[in-house]
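[1] Requesting a structural model of the entry that follows:
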Amino acid sequence: MSTSSRSKKGRVDFLITGAAGFIGERLVKRLLSDGHTVQGVDLQAGSEPTLRMDITSEEQVLATFRRLRPRAVIHLAAVVDDRGAPELFERVNVDGTQHVVSAAIEAEVERFVHVSSIVALGFDPGHDAGEASPLVFDTGVPYFDTKARSEALVREAMKHGSLRGCVLRPGDVYGERSVPWVVRPIDMMRKRLPVLVAGGRGLMAHCHVDNLVQGLSLAATHPDALGHIFQIHEATERTTYRRYFTLLAEQAGVPKPTFSLPFSFGVGVGRVFDQMHRRFGIHPPFGEGAVRYVARQSTYSLSTARGVLGYTPTITLEEGIANLNLSR
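    Next up, the predicted model:
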């Protein structure tokens, strides 16, 4: 069955934005294997047939929705990086989300699953942060702040009844194509650049991509999912970044992390890197936001995902790392 196949009434079951991404491709395959009709849309081609759609173009989004008439939408498309021009994040993550929401409302989709992130809760929201935790709009990191604003506009549409949907906040998603949590740290460790801050004692809400896909599938199909905010990860025990990066280094065959940046010094270096990026367009290994994020001591509740969806992560951190097929 291809992603362009249709149901008998001419409507696809699911339209997935960002379908060519590392999460999107896995989700498309999962929903197809479960017997659903699926159409992926993205700026680029994926491993499954993918229609080109630019979410920053309101006209393109409306035309695509009117042609496909999807029953449900899973909105994954976003710029995901702790570095970059604020205007790009605003245009894609906020304006693009508004275009997709407006088109979904016009098309009267039966379900809208918005993929947010735990970063929408800021750097360090505290112990057991969950559905009622406040969104943070002023961290100064464009990715964090625009994920908070895009989640807010989806929740506002849900609140007023114009959009039937739910929100899903993944933790720190890793897998073979994950740039922030696999590709970039392996490259940094190979070059013996520091990946640890404050002794590596910060807590990671790690989430294997297949655990996330399981959560997304449940949110997209469970009869009780509408109206809720779900958080998805597998960090049921306190996992430090030192432990995560050490396991990753062992699997990749690169030097294990030993040197750790003191927090204040790391923040200062990150701030300089941010200035270099803004002034000269240089892509540094990390910025101030990343330093603050990996030093956090927060934990994130799974109670709603467990209680409503019956979500239970099936892949442990050790299994997830061991199954990574990494070139050495």
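[2] Point out where this protein drops to low pLDDT.
    1-10, 46-48, 327-328 (pLDDT under 70).
[3] just the strands in it please.
    14-17, 38-42, 50-52, 72-75, 111-115, 165-170, 172-174, 196-197, 206-208, 229-232, 260-261 (DSSP state E).
[4] Pick the most deeply packed of those strands.
    strand 14-17 (a mean of 28; mean count of other Cβ atoms under 10 Å). The C-beta positions use only the backbone N, C-alpha and C, and glycine is treated the same way.
[5] Run me through the strand neighbours of that strand, direction for each.
    strand 38-42 (parallel), strand 72-75 (parallel) (DSSP bridges).
[6] For the chain, which segments are assigned as helices?
    For the chain, the helices defined by DSSP state H occupy 22-33, 58-68, 86-89, 96-106, 142-159, 184-190, 209-221, 241-252, 263-280, 288-294, 303-304, 317-322.
[7] Export those to JSON lines and append columns for mean neighbour count and distance to residue 201.
    Shown next, in JSON lines, are the helices of the chain (neighbours: other Cβ atoms under 10 Å; distance: least, Cβ to Cβ, whole Å):
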{"stretch": "helix 22-33", "mean neighbour count": "20", "distance to residue 201": "28"}
{"stretch": "helix 58-68", "mean neighbour count": "17", "distance to residue 201": "43"}
{"stretch": "helix 86-89", "mean neighbour count": "15", "distance to residue 201": "29"}
{"stretch": "helix 96-106", "mean neighbour count": "21", "distance to residue 201": "34"}
{"stretch": "helix 142-159", "mean neighbour count": "21", "distance to residue 201": "21"}
{"stretch": "helix 184-190", "mean neighbour count": "19", "distance to residue 201": "17"}
{"stretch": "helix 209-221", "mean neighbour count": "22", "distance to residue 201": "24"}
{"stretch": "helix 241-252", "mean neighbour count": "20", "distance to residue 201": "7"}
{"stretch": "helix 263-280", "mean neighbour count": "15", "distance to residue 201": "10"}
{"stretch": "helix 288-294", "mean neighbour count": "24", "distance to residue 201": "10"}
{"stretch": "helix 303-304", "mean neighbour count": "15", "distance to residue 201": "25"}
{"stretch": "helix 317-322", "mean neighbour count": "16", "distance to residue 201": "17"}
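[8] Quick check: which of those is nearest to residue 177?
    The minimum distance between residue 177 and the helices of the chain falls on helix 22-33, with 3.5 Å, by Cβ to Cβ.
[9] relative orientation of that closest one and strand 165-170 in degrees?
    If you take axes from the mean of the first three to the mean of the last three Cα atoms, to 10 degrees, helix 22-33 sits at 130 degrees to strand 165-170.
[10] which residues sit against helix 22-33?
    The contact list for helix 22-33, computed with Cβ atoms under 8 Å, 6 or more residues apart in numbering, reads 1, 3, 13-14, 16-19, 38, 40, 42, 46-48, 74, 76, 115, 173, 175-178, 209-210, 212-214, 216-217, 220.
[11] sorry, back to before: of all the helices of the chain, which lies closest to residue 122?
    helix 142-159 (6.9 Å).
[12] ok, back up a step: Throw the helices of the chain into CSV and include distance to residue 131, thanks.
    Formatted as CSV, those follow (distance: least, Cβ to Cβ, whole Å):
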stretch, distance to residue 131
helix 22-33, 22
helix 58-68, 28
helix 86-89, 24
helix 96-106, 20
helix 142-159, 11
helix 184-190, 30
helix 209-221, 13
helix 241-252, 25
helix 263-280, 29
helix 288-294, 21
helix 303-304, 5
helix 317-322, 24
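[13] Out of the ones you listed, which gets nearest to residue 166?
    Closest to residue 166 of the helices of the chain, according to Cβ to Cβ: helix 209-221, at 5.5 Å.
[14] Now do that closest one against helix 22-33, angle only.
    Going by the same axes, to 10 degrees, helix 209-221 makes 60 degrees with helix 22-33.
[15] For helix 209-221, give me every contacting residue.
    With contact meaning Cβ under 8 Å, 6+ apart, helix 209-221 is reached by 14, 22-23, 26-27, 30-31, 34, 72, 74, 111, 113, 115, 166, 168, 170, 173-175, 178, 225, 230, 232-234, 305, 309-311, 313-315, 320.
[16] measure residue 146 to residue 88 for me?
    9 Å (Cβ to Cβ, to the nearest Å).
[17] Overlap of the contact sets of these two?
    Common neighbours of residue 146 and residue 88 (criterion: Cβ under 8 Å, 6+ apart): residue 79.
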